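Enquirer: below: sequence and its predicted model.
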Amino acid sequence: MDWYILLAAILLPALSAALCFTIRNQKVRTAVVSVSTLSLFAVAGGLIALMINSPDGKIVFQMDESVLEVISWLIKGFDLLLFGYIAYVGLKHKKAIVFVLSVLQFIPWALFEIFGVFGKVYEPEKAFVIDNLSLIMIMLVSIIGPIITFFAIGYMKEHEHHLKLKVSTQPRFFMILFVFLGAMNALVMTDNLSWMYLFWEITTLCSFLLISHDGTEIAIKNGLKALWINSLGGVAFIIAIILVNCSLKTLSIQAISASGMQGAFTGMLPVALGLLCVAGFTKSAQFPFQSWLLGAMVAPTPVSALLHSSTMVKAGVYLIVRISPAFSGTILGQLVAVVGGFTFVAASAIAISQSNAKKVLAYSTIANLGLIICCAGIGTRISLAAAILLMVFHAVSKGLLFLCVGTIEQGIGSRDIEDMQGLFKIMPFTTVITVIGMISMLLPPFGVLITKWLAIESAVHQPLVLLFIILGSALTVVFWAKWIGIILTMSYKPKYSLEKLTVSMKAALVMLITFVMAASMGIVPLYNQFIRPQVISFKIADKQELVGTGMGILLKKADEAVYGSFASILFFIIILALMVTIPFFTNRIKPSRMKPPYLCGNNVDDDYKGIEFIGPGDKIESVVVRNYYMESVFGEKQLTLWVNIVAGALMVIMLGVVIGL
Amino acid sequence: MSINNLLIAFIAIIAAPLLGGLLTGIDRKITARMQNRFGPPIIQPFYDFFKLIGKQGIAVNQTQMVYVLGHLLFAIGALVMFVLQQDLLMLMFVLAFSAVSLIMGAMSVRSPYSKIGAQREIMQMMAYEPVLLLMVVGVYKTTGSFMISAVFQHDKPLLYSLPLVFLSFLYVLTIKLRKSPFDFATSHHGHQELIKGLTTEFSGSQLALIELTHWFDLVLLLGLITLFFAQPLWVGIIIALICYFFEIVLDNISARVTWQWMVKVTWVAGIGAALVNIVWMYLIP
C-alpha cells in the first residue's frame, strides 16, 4: 500500500541530491532546494495522514519475496561500496584506525551476509514498518532537515564569500545534505536491522564529508575523528546484528523490541543489546565518545545544526529508545540509565566553563542526548514518553539555536558569548528568536523542562540516576542563564537597526521558532496523538501512565492515583502576556527618563552605552564585566580526562555485565 | 479548574502580599530592637511600597519592567500552585523561572554592580536548586506522590522521616531569602562594595514590584516549611514563624561570606545531609 510515499521519503532526497550535484547553477539550486523542502513537508504530511487513518497505529510495507531479494542484494552492494570508500578515505588521509575499523566491519559482514558462516540470515518480510516513533523521527528529519537545508542557501553564499573560493563547492555540499536526509528517513522506517546498518553507515560517512567540507587541516582532522569514532560504533553494530540473528532467529527490529517480555533475556541477546547501545552511544556522542561532536563545529553552521538536531545524533537515541523495551527493568536498563545520567551531568558541568557559543550548544546537545538515553534506560512508560518528547523538543530548539548562532556569527564576526553584549541593538530580530529558543531549553512551561520534570519523577526508583538528573538540571540553569543575560544586555540609549538577512535565513528562523512554540504549547495533542499509542504499544511490565488532558499532563500510577501534574497551558498565558507587554513598555518610557547605569564615578557625557566613567585624576575608565566561567573547577582540561575515565569504566562494566548474564 | 479553586487562588494572591509585607515589617522591627534602635512601624513596608509606586518612572533600559513582571508573575504562579496543592517538583521549576527572570533583568543593564550581583545569584541558584529538588524527592519517598495534596493526606508529619532534609531546607532558606551571611547577590546597605547588587539599577515601581515578589516568595517559602508539620496545620505555622525568627537572628549576628564558600558548603553539607536522609529512606522497604 502507498508505496509511492515510502519511495518519495527515501528517493526524493536522493533525486534532489543528484540534481544539486549535476546542475551547477545557483538559481537552479535554490529552486531545487525550495521544491524539495516543500515536497518533504508533503511527504511528512502524507505519512501523518496515513498514520492517523491506520487502525492499528502502524503502516506496514510488505514485499514480495523476489523484490525483497533484489533489494537485499542491492543493499549488500551498497554496503560493499561503503566499506571500500571508507577504507579508501582511511588510506588517502593516512589514518590507520579508519582503515582498520573498516576492515573489522567488513570481515564479520562478509562472513555473515555473503558466506553465511553464522547460519541462515533471517530477513524479515515486512521490510518497512512505520509506527508512531518512526513517524516522529520522519517529522523531525523531513521537516527540520529541509528547513536547515533551506537556511543553508543563504548561509553558504555568505560563507563562501568569506572563504573567497574561486569555484563554489556548494553542489557537493547540498548533495551530501540531501543524501543525509534520505538515509535518515530510510533508517527510521526500515524494520530490518541489517538494512538499518547500511543507512547507519551512510550517515557516518555523510557526517565525515560534511565536517571536512571546508577542506582545511582542522576540518579534515575532525572529520576523520568523527569517522573513526562512529566506525567503532559500526563494528559494535555489525557484531550485534550477528548475535541477534543467532539468538532471535530474526533481524526484525520490532521483534527485538518485543523480545524482553518473553523472559528471553539470557544467552547472546543481552550482549547484542549491549553492543547496540554502544553503537547508539557513539552516534549520540555520549561520554567517552563525545569528542567527535565537539570537533564537528568546525563545519559550516547548517551542518552543526543538522548533526545536532534532527539527524545523526538522533539516530543513536532512536535506536536505543527503539530497543529499550527489550531491556526495560533489567540490569542493562539500569546501566544505560546511569551512563546517560552521567553524561547529562558531566556535559552540563563542562558547558559552564565554555564561552564559545557553539561549544556551549554542543555540550548542551550531549547533555540532552544523555537525558534521553537515561530516560530510555529507566524504561517505564512515563520515562519512555519523556524520552520521545525530549527528542522532539530538543530537535526543534537546538536546530533553531544553531541557526541563530550561525546568523549571529555572520553578523558580528564572533561566536564568543562575551562578544554578544548589546546584540539587541544590532540584530534585534535574531536576538528575540535566540532568547526564546534558549528559554525553551531551560524554563517552564516549555517542553524541554517538562521532560526534565518527567525524567525526575520517573527516576525516583533509581537513586543514583536521580541524583545525576538533579545535579545536571541545576548546572543547566547556570550556563543558559549566563548566556541569556549577556545577550539581553542593552545600552541605556540604544539606536536600533534591523539587521539585513537573506530571505532563506529569515524564513528558516521564523519557521523553526514557530515549531518551537507550537510543539511546547501543543504538548497535549502531540502526546495523545503520536506518543501515547507508541508508549502503550511497547511491551513493558510497567503500567504507570502519563495522561494528557485539556490543560496539561498528569502522571498516574497503575491504580489510577495521580502523583504528578502540570497545567502547562496556563503558564503559556503568562508567557504570551509578557511578550505582549514588551513593546508596550519599550514605547512608554520617554527618552528623557532614560538614565545611564551607576558606575564608580561620573558617567562620561556622550557615552550612550553607559560603560565609561570619569575615574580618579579625570581619567576616562571603561567598565568591563565578564561572566563567571569557573575554568578551574569546570574547565574542559580539568574534567574531560576524569569524565572519560569514569564513562569508559561504565562502558566496560556494561559490557562485562551483559557478557556475564 | 473549579470555581472553588479560582476562589482559593484569588484569596491567596490577595492575602499573601499582605502577610508577607507584615512579616517584613515585623522583621524590621525585631532587627531594629536587636540593634538597640526603635525601628519603623510594622506597616512601614507598605508605606515604602506605595511611595516607590508613586515615584517618577526612570529606567536604565526599556525592557527592565518586562523581566520584573516575569519575576512577579511566576512567583505568583508558584504560590497558586502551592495553595491549590499541585505538583511540588514543578513548583520548584516555576520558582526557578521567577529567579532567572530577575537575573535577566539585572544583566540587561550595563552596570557592573548589577551584573556581579546577577552572577552571584546564578551561583546561588546552582547551589540551592539541587537541595530543593532533593527535598521534593524526600517528600515523594515519604508520601508516594509529588502532589502537595498528598502531604496533607499523609498521617504523620514529614519531619519524622525527613529531619536532615528539613535542616538542609532551612539552610537553603537563608540563601533564598538573601539573608546574611548569604546576602552577596544584593546587600542590605547601599554603601558597600556591591552597592545593591542585583537590584542596583531598578527603581520606582520596578523596585516596588521586586519587593512585592519578595513578599510572595517569603510566604511561599514559609508555606513550604509548614509542609514538614502539616498535621495539624497550626503547629506547622508556628514552627514556620519560629524558623523565620531564627533567620532574623542569624541575619543580625553574621557577616557576609564569599559565594565560593557558600557554593562549596551547600554542595557538600547541604546536598550531603539531604542525600544521607534520602538514602535511608530508600533503604526502608
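Expert: Yep, it's here.
Enquirer: got the contact list for the residue of the stretch 51-200 of chain B found nearest chain A?
Expert: Closest approach between the stretch 51-200 of chain B and chain A, counting by C-beta to the nearest C-beta: residue B:107, at 2.9 Å. (Glycine included, C-beta is placed from N, CA and C.) Going by C-beta atoms under 8 Å, 6 or more residues apart in numbering or on different chains, residue B:107 touches A:484, A:485, A:486, A:488, A:489, B:114, B:115, B:118.
Enquirer: same thing but 10 Å
Expert: Neighbour list for residue B:107: A:421, A:481-490, A:625, A:627, B:67, B:114-115, B:117-119, B:121-122, B:198 [criterion: C-beta atoms under 10 Å, 6 or more residues apart in numbering or on different chains].
Enquirer: in space, what's closest to it - neighbours in sequence excluded?
Expert: Excluding its sequence neighbours, the residue lying closest to residue B:107 (C-beta to C-beta, 6 or more residues apart in numbering or on different chains) is residue A:485, at 2.9 Å.
Enquirer: could you measure from the one you found over to residue B:108?
Expert: Going from residue A:485 to residue B:108 by C-beta to C-beta, to the nearest Å gives 7 Å.
Enquirer: these two: which is more packed in?
Expert: Just comparing residue A:485 and residue B:108: by other C-beta atoms under 10 Å in any protein chain shown the higher neighbour count belongs to residue B:108, 27 against 24.
Enquirer: the more buried one contacts residue B:64, doesn't it?
Expert: Yes. Contact criterion C-beta atoms under 10 Å: residue B:108 and residue B:64 qualify, at 6.4 Å.
Enquirer: any shared contact partners between these two?
Expert: A:490, B:201.
Enquirer: got any ranges where the stretch 101-250 of chain B has weak pLDDT?
Expert: Within the stretch 101-250 of chain B, the ranges that satisfy pLDDT under 70 run B:188-191.
Enquirer: what ranges do the helices span in it?
Expert: B:112-143, B:148-153, B:163-176, B:204-227, B:233-253 (DSSP state H, counting those that start in this stretch).
Enquirer: can you put those in a markdown table and add distance to residue A:376 and mean neighbour count?
Expert: Shown next, in a markdown table, are these (distance: least, C-beta to C-beta, whole Å; neighbours: other C-beta atoms under 10 Å in any protein chain shown):
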| stretch | distance to residue A:376 | mean neighbour count |
| --- | --- | --- |
| helix B:112-143 | 21 | 24 |
| helix B:148-153 | 28 | 17 |
| helix B:163-176 | 30 | 21 |
| helix B:204-227 | 33 | 21 |
| helix B:233-253 | 40 | 15 |
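Enquirer: nearest to residue A:281, out of these?
Expert: Closest to residue A:281 of the helices of the stretch 101-250 of chain B, according to C-beta to C-beta: helix B:112-143, at 25.9 Å.
Enquirer: what strand or helix carries the residue nearest to residue B:107?
Expert: Taking DSSP states H and E as the criterion, residue A:485 maps to helix A:463-488.
Enquirer: what about that helix, average pLDDT?
Expert: Across helix A:463-488, pLDDT averages out at 93.
Enquirer: what of stretch B:35-45?
Expert: 93.
Enquirer: ditto for stretch A:544-560
Expert: For stretch A:544-560, mean pLDDT rounds to 80.
Enquirer: give me the buried positions along it.
Expert: For stretch A:544-560, burial by neighbour count (16 or more other C-beta atoms under 10 Å in any protein chain shown) applies to A:544, A:545, A:546, A:547, A:548, A:552, A:553, A:554, A:555, A:556.
Enquirer: between the two ends of it, how far is it?
Expert: End-to-end distance for stretch A:544-560, by C-alpha to C-alpha, to the nearest Å: 8 Å.
Enquirer: check the offset of that stretch from the chain's centre.
Expert: Chain-centre distance of stretch A:544-560: 27 Å, with C-alpha atoms, centre = their mean, to the nearest Å.
Enquirer: near chain B, anything from that stretch?
Expert: Yes. For stretch A:544-560, a contact with chain B is found by C-beta under 10 Å from any C-beta of the partner chain, at A:550, A:551, A:552, A:554, A:555, A:557.
Enquirer: ok so, going back, common neighbours of residue A:485 and residue B:108, please.
Expert: Contact criterion C-beta under 10 Å, 6+ apart; residues shared by residue A:485 and residue B:108: B:115, B:118.
Enquirer: so which residue of chain A comes closest to chain B?
Expert: When scored by C-beta to the nearest C-beta, chain A has residue A:485 as its residue closest to chain B, at 2.9 Å.
Enquirer: and stretch B:184-204, what's buried?
Expert: The neighbour-count check on stretch B:184-204 (16+ other C-beta under 10 Å) flags B:184-187, B:194-204 as buried.
Enquirer: who are the contact partners of residue A:283?
Expert: Shown in contact with residue A:283 (C-beta under 10 Å, 6+ apart): A:200, A:203-204, A:207, A:229-230, A:233-234, A:237, A:289, A:292-293, A:312-320, A:369.
Enquirer: apart from its neighbours in sequence, what residue is nearest it?
Expert: Leaving aside its chain neighbours, residue A:283 sits nearest to residue A:316 (3.2 Å; criterion: C-beta to C-beta, 6+ apart).
Enquirer: number of residues surrounding that neighbour?
Expert: Neighbour tally, residue A:316, other C-beta under 10 Å: 26.
Enquirer: residue 50: what's it in contact with?
Expert: The chain I'm using is chain A. Residue A:50 is in contact with A:1, A:2, A:5, A:6, A:59, A:130, A:135, counting by C-beta under 10 Å, 6+ apart.
Enquirer: should've been chain B
Expert: Applying C-beta under 10 Å, 6+ apart to residue B:50 gives the contacts residue B:208.
Enquirer: that one should be in a strand, yeah?
Expert: No. The assignment for residue B:50 (DSSP: H, G, I helix; E, B strand; the rest coil) gives helix, which keeps it out of a strand.
Enquirer: OK, contacts around the nearest residue to residue B:44 once chain neighbours are set aside?
Expert: Among residues not flanking residue B:44 along the chain, residue B:25 sits closest, at 5.6 Å (C-beta to C-beta, 6+ apart). Taking C-beta under 10 Å, 6+ apart as the contact definition, residue B:25 lies against B:39, B:40, B:41, B:42, B:43, B:44, B:45, B:46, B:47, B:48.
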